[in-house]
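Chemist: Sequence plus predicted model, see below.
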Amino acid sequence: MAWPERPVFMLFGSSIVQYSFSNGGWGGILADIYARKADVILRGYQGWNSRRAVQILDKVFPKDAPVQPSLVIVYFGGNDSMGPHPSGLGPHVPLTEYIENMKKIALHLKSLSENIRIIFLGCPPLNEEMLRNATSTVLSKLDRTNKVCKEYSDACSELCEEMDIKFVDLFKAIQKGDDWATVCFTDGVHLSEEGSKRVVADILEVIKEAEWKPSLYWKYLPTEFGDDSQYDLVAADGTSTINISECTFHRQIQWD
């Protein structure tokens, strides 16, 4: 089947990405915003760290793929930033190695196409008390703190500046408003619908302000098969039709 050409957006990361199409998640919101404008494809792997991500880069993003993504949004860091387990097992990755892994991911993505655009998401904050109460008894005690999350987020931000990659500071984005700790999480780590809305707002702002040619901002992309048609809904005058291909009345939030 010959598909009409439209940009492909890939979401690549750990559970913050895998869950992004669930319960009003940010990936699903982006897919709705970009309906008939871009294909949003999910490549999320819950529980993964950056060490596992670099091992499968060629499989998720093969260099000989017939179509390369126009935009890749990457998130790893929450699991990397967990404290090391005494056994040596677990997802912890030291900060220096985490940055090297993120650099490898960026370099691989850049090698796919000169037109590829990349956004890295920094570690969001935690509701530490909610996390302690929600942790399953089948797991060892989780060592996760906001202090360490911010260290990994700041280091990722510095890498993005060095490599000319767009960065969304989720540590700040989530904390907009005094109620962030109670309304932005489902379990202290993963994002609620409200938390996801804050993520989307910052992603859209970055895309809108980016000096990318062509722009990938949703309002600037053409709507697929958006031409007027005699088969559109009939207007009240009974003699003309109304093209609703770009109507967004169904959205609770009218995104900028």
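Modeler: All right, it came through fine.
Chemist: Flag the shaky bits of the stretch 101-250 of the chain, pLDDT-wise.
Modeler: 135-136, 138-139 (pLDDT under 70).
Chemist: Helices of that one, start to end?
Modeler: Assigned by DSSP state H, counting those that start in this stretch, the helices in the stretch 101-250 of the chain fall at 128-134, 146-163, 170-173, 180-183, 193-209.
Chemist: How about residue 217, nearest residue that isn't a chain neighbour?
Modeler: residue 208 (4.6 Å; CB to CB, 6 or more residues apart in numbering). For the C-beta atoms, the positions are set from N, CA and C on the backbone; glycine is no exception.
Chemist: And residue 177, by the same measure?
Modeler: Ranked by CB to CB, 6+ apart and with sequence neighbours excluded, the top spatial neighbour of residue 177 is residue 183, at 7.8 Å.
Chemist: Name the residues of stretch 13-31 that are buried.
Modeler: Residues of stretch 13-31 classed as buried by neighbour count (16 or more other CB atoms under 10 Å): 13-21, 24-31.
Chemist: now swap in stretch 84-104 and tell me
Modeler: For stretch 84-104, the neighbour count (16+ other CB under 10 Å) marks 90-93, 95, 98-103 as buried.
Chemist: right, so the helices of the stretch 101-250 of the chain: which one is the most enclosed?
Modeler: helix 170-173 (a mean of 21; mean count of other CB atoms under 10 Å).
Chemist: just checking, what packs against it?
Modeler: helix 146-163, helix 193-209 (3 or more CB pairs under 8 Å, 6 or more residues apart in numbering; DSSP states H and E).
Chemist: next one: that helix to chain centre, how far?
Modeler: 13 Å (CA atoms, centre = their mean, to the nearest Å).
Chemist: just to revisit the earlier point, and of the buried residues of stretch 84-104, the nearest to residue 35?
Modeler: Proximity of those to residue 35 (CB to CB) peaks at residue 102, which lies at 30.4 Å.
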